[in-house]
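# Starting from these lines, generate the structure:
(2 chains)
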Amino acid sequence: QQPVQSPQAVILREGEDAVINCSSSKALYSVHWYRQKHGEAPVFLMILLKGGEQKGHEKISASFNEKKQQSSLYLTASQLSYSGTYFCGTGPTVNMGDDKIIFGKGTRLHILP
Amino acid sequence: DGGITQSPKYLFRKEGQNVTLSCEQNLNHDAMYWYRQDPGQGLRLIYYSQIVNDFQKGDIAEGYSVSREKKESFPLTVTSAQKNPTAFYLCASRKNPEVAGGNEQFFGPGTRLTVL
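Down below sits the predicted model:
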């Protein structure tokens, strides 16, 4: 079952902040975040594991609330290079024999100069 | 350089024809995945394989078939039974993690299939 991402699209000016949310109806064990530029392959940003800490990569960070079955991606002081579609992926469940990631529909982020 | 290759980048086929999309990786990854991407739909899982000679259906497996005879290769066949095959197809691979979900997936550059 696909996780739900919100918002579907965001338009920002360079330097502004953004938050992208990802929620699931199932208990989450891990959350993956990827960014995809138009016509290119998705690129890995970070993984958050159950019981783990908030992660960060330059000015992009993420949190994982296991009880609420939610994750949020925070983009601080956005740069033009941050434009693209952001996907969250959830999984697998505790059953290691079913190691697949299910992705949401994505959030389109457009940064204006 | 290690990575995932998909060929061709663009593929055109007539309706009713089967077509096979290639995916090769030299990362020594155990697991491989096929996703389909349509506008506004995100990445939907077609098939995945965690070890050689074994694979499982994803959420939208109907009309597709795969094989995993070698660790490095995971070809996807789009059959004539797939009602709407025009899409962007992405292959990915991943090392079996020590912790469930603990490893990132690496994606290939994708194949854009157009059925006329």
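
# Can you tell me, leaving aside adjacent residues, what's nearest to residue B:91?
residue B:23 (3.5 Å; C-beta to C-beta, 6 or more residues apart in numbering or on different chains). Using the backbone N, CA and C atoms, a C-beta is placed for each residue, glycine as well.

# Residue B:10 too?
Counting by C-beta to C-beta, 6+ apart, the residue nearest residue B:10 is residue B:112, at 5.2 Å.

# Check whether that neighbour really touches residue B:38, as I assumed.
No. With contact defined as C-beta atoms under 8 Å, residue B:112 and residue B:38 do not form a contacting pair (11.5 Å).

# list the residues that contact both of the two?
Common neighbours of residue B:112 and residue B:38 (criterion: C-beta atoms under 8 Å, 6 or more residues apart in numbering or on different chains): B:87, B:88.

# list the contacts for the residue nearest to residue B:91?
Taking C-beta under 8 Å, 6+ apart as the test, what residue B:23 contacts is B:4, B:5, B:6, B:32, B:34, B:73, B:74, B:75, B:76, B:91, B:108.

# For the first one, give me its contacts.
Translated: residue B:4. Contacts of residue B:4 (C-beta under 8 Å, 6+ apart): B:23, B:24, B:25, B:27, B:91, B:92, B:93, B:106, B:107, B:108, B:109.

# Export the residues you listed as a markdown table, with columns for secondary structure and pLDDT.
Shown next, in a markdown table, are the contacts of residue B:4 (DSSP: H, G, I helix; E, B strand; the rest coil; pLDDT from 0 to 100):
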| residue | secondary structure | pLDDT |
| --- | --- | --- |
| B:23 | strand | 97 |
| B:24 | strand | 97 |
| B:25 | strand | 97 |
| B:27 | coil | 91 |
| B:91 | strand | 97 |
| B:92 | strand | 95 |
| B:93 | strand | 93 |
| B:106 | strand | 91 |
| B:107 | strand | 95 |
| B:108 | coil | 96 |
| B:109 | coil | 94 |
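
# List buried residues within the residues you listed.
Buried members of those, counted by 16 or more other C-beta atoms under 10 Å in any protein chain shown: B:23, B:24, B:25, B:91, B:92, B:93, B:106, B:107, B:108.

# wait, which of those residues is closest to chain A?
residue B:107 (3.9 Å; C-beta to the nearest C-beta).

# Does the closest one touch residue A:37 like I think?
No. Applying C-beta under 8 Å as the test, residue B:107 and residue A:37 come out as separate, 11.9 Å apart.

# overlap in contacts of the two?
residue A:43.

# measure the residue of chain A found nearest chain B to residue A:41 for me?
Closest to chain B within chain A is residue A:30: 2.9 Å, counting by C-beta to the nearest C-beta. Distance, residue A:30 to residue A:41, using C-beta to C-beta, to the nearest Å: 21 Å.

# Just want to know which of the two has more residues nearby.
residue A:30 (23 against 18; other C-beta atoms under 10 Å in any protein chain shown).

# anything in the lengthiest strand in chain B near chain A?
Under DSSP state E, the strand in chain B containing the largest number of residues is strand B:42-51. Yes. Interface with chain A: strand B:42-51 contributes B:42, B:43, B:44, B:45, B:48, B:50 (C-beta under 8 Å from any C-beta of the partner chain).
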